[in-house]
Structure formats: structure tokens, C-alpha cells
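>>> Next come a sequence and a model predicted from it.
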Amino acid sequence: MKLLDVRDLTVSFPTKKGPVLAVDGLTYHVEPGEIISLVGESGCGKSVGILSLLGLQGPSARLSGSALFDGRELLHASEKHLSTIRGKQVACVFQDPMSSLNPVLTVGKQVAEVLRRHRGLSAAQAKKQVINLLERVGIPAPAQRYANYPHEMSGGMRQRVMIAMAVACEPRLLIADEPTTALDVTIQAGILELLKELRDETGMAVLLVTHDLGVVADIADRVIVMYAGRKVEEAEVRALFADPRHQYTRRLLDAIPRRGGGGDPGRRLSGIPGTVPTLHESPAACSFAGRCVVASEQCHTAKPPFTESAPGQAAACWHPGAQTGHAATGALK
Amino acid sequence: MVRLLARVGNALFTLLIAIAVVFLGVRALPGDPAVALLGEEGDPTALETVREQYGLDQPVIVQFVKYLQQIVTGNLGESVRTGLPVTDVIAGAIPVTLELTAVSMLVAITIGVTAGVIAALHRGRLAGWLVSVAALIGLSVPAFWLGLMAILLFAITIPILPASGFVPIDIDPVAHVAHLVMPSLVLGSAFAAVIMRQTRAAMLEALTTDYVRTATAKGLSRRQVVVKHALRNSLIVVVTIVGLQLGALIAGAVVTEQVFVIPGFGKLMIDAVATRDYPLIQGVVLITATAYIVINLLTDLLYTVVDPRVRVTTGGAA
């Protein structure tokens, strides 16, 4: 049974220049206990795509498609129904722990709120459990930290508080929207390790949004690569890194700086020229065609189908095998 | 603690400057207080005696030091008109005004914060629009006009409230409250409008913050999200406004007390000016300045209660 089954999710925002398409027919699923990573560069629709699952995308967004959680529809669900799922079945950790905690309430109270809301605990019972939770997420001296305000904690500690809040009711799905982006690298590793441990302990699934392929390699079981609101590739994490099937994925991997690795030490770091286009309607073409070095006539006129190249790996690319490598990068300069 | 003392010291220094300004201001006014007291036809020797009696023949700096000495001992001189000690006259009027302003402020906060939250939650819809229009009217209508209209409506057309006057609480508590209803509503309405607009703006901002999204993502009810998370943060702004407006409220009390014939501080001030009662004017202005300074100090201190980030940390933070 799929824990989360998203089909043809489309999210658009009305603007003065017409609707902007943020997510364009996104289809994926999450199995229980699995860590799925949604990757893509800024503006590709990955955050909006997952926030809209819980109705957190902002009032102006227009949603279509379907998102079944445990067989029940989340899109267009009533606030009342959503509020019984949020924090209890599906919990969130957000990007910026500096602004995601309420500055005028103690962190202990903010975590306790979840338990009081969903478990109906008294203030004293909740406090006891919060202290255990804070300890579990690796916050030293949790009993003292309970009474701290967010501004009295470091970024890494705050993110641990956010995680404690998210896992308080042992949700079946944890949505993590760039949980390590605002943190420095040493702290990042600790947070990712914690997420993995919690997954192993509670069996919750994790839907992790990131633009950092290092994070993906570290933690994900399966990866979904997004570009301009569309899913362009999906694969097991090893397969993706070993043999990317979409030109965009290939270029993303090329853009990772590598130390040593036996390559040419003088080689320029490869980038992808251009930016993600802003879409007003779903184009009848590959949306990456404009930035792709191997793009052909077909790429500009027909939308590539999502085709499986190997079991568990599929991509929407007309030229999945074409090698670009460094020569192509040089040619682009 | 050190910061607290520094703030109090700061306030005291401001007060000293205020006293100097009042003192010099009164002396800079055209006309001789002795003449004002005895009249244009006053006997020159009598004028001389009065000047000596009030120390007016001495250099201003000497007068100022003497006045400061007087103030420190709690003596503000005697009213020229009635001969009563200025402190007694003011002490009699202050509780009346304090009660009026306190009740008005309570009315203003209750109406203003509630309306501000409603306006923010219903932005772009009829309810939000109605509240905003009501606030605009509340802001634009002068208190004296609103007061007169209220008297016309609730005391004459539908006689359910007394038109004017004041009854001390120990004489008749019911009449006391009845006499306060209209003045406090009139005085509070303009401030309710100011508070409403500030609350609305602060709420609109708070509702788009990440921590409100976090609160929603926790599964809290809309009501909990609004009251516990968004409103609590918006109140920081409201506290500032209330502090700033308290001074203006006392100024507004001058007009309201005049319209409703309430023997408060504001009416005392107008009467003192009308009768050129210099010691009384000086006392009244001094007390007003003190009130402003104290209110500002209290507002500063109140921040630390509402907003823990301003609180002086006593270690343990990382």
C-alpha cells in the first residue's frame, strides 16, 4: 500500500501577467519507511509541490490533480480534516529554523503544543514528554532548554527543536523542506544523521526536498529530479548517480565540484547556463530544451514521455544516452 | 538591573529638562504675574510686595533653584485664584482623569484589537471592509462633535444616560458608572481606530510569517494559530502604540472633560489658563510632562514582558 500517492499534481499562482505554473503534472508516490528526495534548482516547484499537500502553499494557489495519503484525498480537503492530519500523521520541518519558530514562546511550549493538540496531554505530561523528545533529538540539558526562547539557541539546535516538534506524535510521513540549507556543513551532517535514525526507529517515511545532491547521496533511497515544475527523472539513488538518464540530471551531476578524483586539476567547474524558465502554460516541448546542449528539433516541438530505461529508473528525455561531458561544456563558453 | 537603572536615570534627566522648559516658558510669557494678580491699577508698593513674596525680584536662576527645592519637597505653590495649594487642587482632579483615561483605553484596546484581528482575517471581504470604514470614521470625527452627538442621541432623544457631570463613586456607584459610559466611549473611539489599524497591519504581517506556517503545520486550529501565534506577536506593536497614545489620550481628555463637564485634570488645565493662574498652570504642565515621561518608561519596561528578545538575559544563552 502506498503511503502517499500523488497523481498529476498541478499548482499555479495567478499573477497580473496570467497564471504562473509552479508544478506541472507531478506524479510520484512514497512507500512507508522510505526516504524520497525531490531535487531541483531554485524555482523548480519542489517546495510548493510538497507544501500544497498539507494546504500550506498560500491562499492564492490553484491546485488540481490528486494526492492520496493513506487512501484519503488531501487536496481540497477541509481545514478541519487537514488539521487532524497535520502534525499527527504528516509533519513538517522547514528550511529556516531562525524564522520557523515563534520568537515569543519558549521552545518547550512550542513542542508541547503538538502533543497537547493531538494526544490531549495535560501541561505537566506534555512537558515530561517534550524533555524526552528534546533529549532524543540531541539537545543537551533538555530540562533547562525547555524554557529557552528560540533566540537563545543556535541554528542547529533550533532545527533539532523543529524536528522534535515534527516527530512528537510519531507521524507516518515527515516532509522536510530543505532542512539543512540554512545550516553550516558540520551541523548539516548531524541533522541528516538524526533524520535517518528517527526513520529507522519509527518507520516513518521522509519526503526530503533539497537542491543539494550531496544531501541526496547521503540520505535518500529514491530520488525524483524536478525541472520547471515537471518530474524529469526518477531513480534509485545509486542508479541515478551511476547512470543519469536525463540531460538535466547529467548536467547537475557535472556541476558538483570534486576533489581529487583523478580528473584534470585545471578543469573549469561546469555550470548550466541560463535559468529555470517561468511558465505560464505547460509547454509542448522538453522544458529543459532551451538550456540543453544536445537538444534537437524534436526536443523543442514534442514533450518527451516518461519512459523506463531500467527497473526503477525512468526519465523524460529524447536523448537519454547522449554524452555531453567536458567537451560540450567547453564548447558552450 | 543596570539597564533598568540607566533607563530610570535617563527619565529623571528628561524630567529636569522638562521642568526647566516649563519654568522658563512661563517666565517668557508677556506680562507681569504681579500685575495679573493685583490688576492693572495695582498700587506700586503692593506690586513690589507681591514680587518679593513670590521671589519675582530675584534673578531667574535663583528663582529656578528655589522652585526646584520647592518641587523636591512636594510643594508646587498656591493657586492665585483660590489660594488652595496647587498640589491639593491637582490631586483632586487627577483620579477623575485617570479613571476616565484608563476606562477609555480599556474600551479602545478591546474594540481596537478585536476589530483589527477581524479586519486582518477578513481582508478583501465585506467584514474587513466594514471594519476599516468604521475605523476611518472613528479617526476622522473630532471628539467634541462625537461627544455632542452622543449627548443628543443617548441623553436627549433616547434618554438612557446622563448628559454630563460627574458623581464620585462613594456617593452613588451606579450613577458614577452611568456618567462614565459616554465620555469613555467618545474618548476611546478615536484610539480604538488607531489601535485597530496597527493591529490589522501587524496581524497581516504575522499571518505570513514562517512560524505561523509552522503552527498551522502542527495541526493547531485556526483559532489557536491566530490567537497564540499571530496575535501574541502583533501585540508588541500594539503595546508601543498604546504607550504613545496614552499621552494623546490625556490630551483628548481635555476636550472630552470640557464637553461632558467632568471636573478632571483637563478641565482644570483649561480653567487655569482662562484665569491666568500661573502657579496652577506651572503645576499642571509639570505633572503632564511627568506623566508622559513615566508612561514612556513603563512602555519600555512593558516590551520586555511581551517580547522576550528585549529581556535582559542573565546568562545560559548560546
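Structure's in. What do you need?

>>> can we go C-alpha only for contacts and neighbour counts from here?
Will do.

>>> Against residue A:129, how distant is whichever residue of the stretch 151-300 of chain A sits closest to chain B?
Residue nearest to chain B within the stretch 151-300 of chain A (CA to the nearest CA): residue A:152, separated by 4.9 Å. Taking CA to CA, to the nearest Å as the measure, residue A:152 falls 21 Å from residue A:129.

>>> Also residue A:174?
According to CA to CA, residue A:174 stands 20 Å off from residue A:129.

>>> Of the two, which one has the most company?
Set residue A:174 next to residue A:129 and count neighbours by other CA atoms under 10 Å in any protein chain shown: residue A:174 wins out with 26 against 16.

>>> In contact with the more buried one, which residues?
The contact partners of residue A:174, by CA atoms under 8 Å, 6 or more residues apart in numbering or on different chains, come to A:90-93, A:166-167, A:204-207.

>>> which among the residues you listed are in contact with chain B?
A:91-92, A:166 (CA under 8 Å from any CA of the partner chain).

>>> got those as a markdown table, with pLDDT, neighbour count and secondary structure columns?
Listed next are the ones next to chain B among the contacts of residue A:174 as a markdown table, based on pLDDT from 0 to 100; neighbours: other CA atoms under 10 Å in any protein chain shown; DSSP: H, G, I helix; E, B strand; the rest coil:
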| residue | pLDDT | neighbour count | secondary structure |
| --- | --- | --- | --- |
| A:91 | 94 | 27 | strand |
| A:92 | 93 | 28 | strand |
| A:166 | 92 | 29 | helix |
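
>>> got the domain boundaries for the chain?
Let's take chain A. Following automatic domain parsing, one gets these domains for chain A: A:4-220, A:227-332.

>>> Wait, chain B was what I had in mind.
Using automatic domain parsing, chain B is parsed into the domains B:2-72, B:96-310.

>>> Next, count neighbours for the nearest residue to residue B:81 once chain neighbours are set aside.
For residue B:81, ignoring the flanking residues on the chain, the nearest one in space by CA to CA, 6 or more residues apart in numbering or on different chains is residue B:277 at 6.3 Å. Residues near residue B:277, counting by other CA under 10 Å, number 20.

>>> And residue B:277, how close does it get to chain A?
Using CA to the nearest CA, to the nearest Å, residue B:277 is found at 50 Å from chain A.

>>> if I pick that residue, what's in contact with it?
B:79-81.

>>> Now, those residues that are in helices?
Among those, no member falls in helices (DSSP state H).

>>> Just give me the closest of those residues to chain A.
residue B:79 (50.1 Å).

>>> neighbours around residue 35, how many?
If you meant another chain, say so; for now it's chain A. 23.

>>> Correction: the question concerned chain B.
Quick note: residue B:35 (other CA under 10 Å) scores 17 neighbours.

>>> residues in contact with it?
Neighbours of residue B:35 in contact, by CA under 8 Å, 6+ apart: B:42, B:47.

>>> where along chain A do the helices fall?
A:46-51, A:79-85, A:107-119, A:123-136, A:142-145, A:155-167, A:185-202, A:213-219, A:237-242, A:247-254, A:297-301, A:325-332.

>>> how distant is the second one from the center of its chain?
It refers to helix A:79-85. 22 Å (CA atoms, centre = their mean, to the nearest Å).

>>> got it, and the longest one?
Its chain's average C-alpha position is 15 Å from that of helix A:185-202, according to CA atoms, centre = their mean.

>>> What of the shortest one?
The chain centroid and the centroid of helix A:142-145 are separated by 31 Å under CA atoms, centre = their mean.
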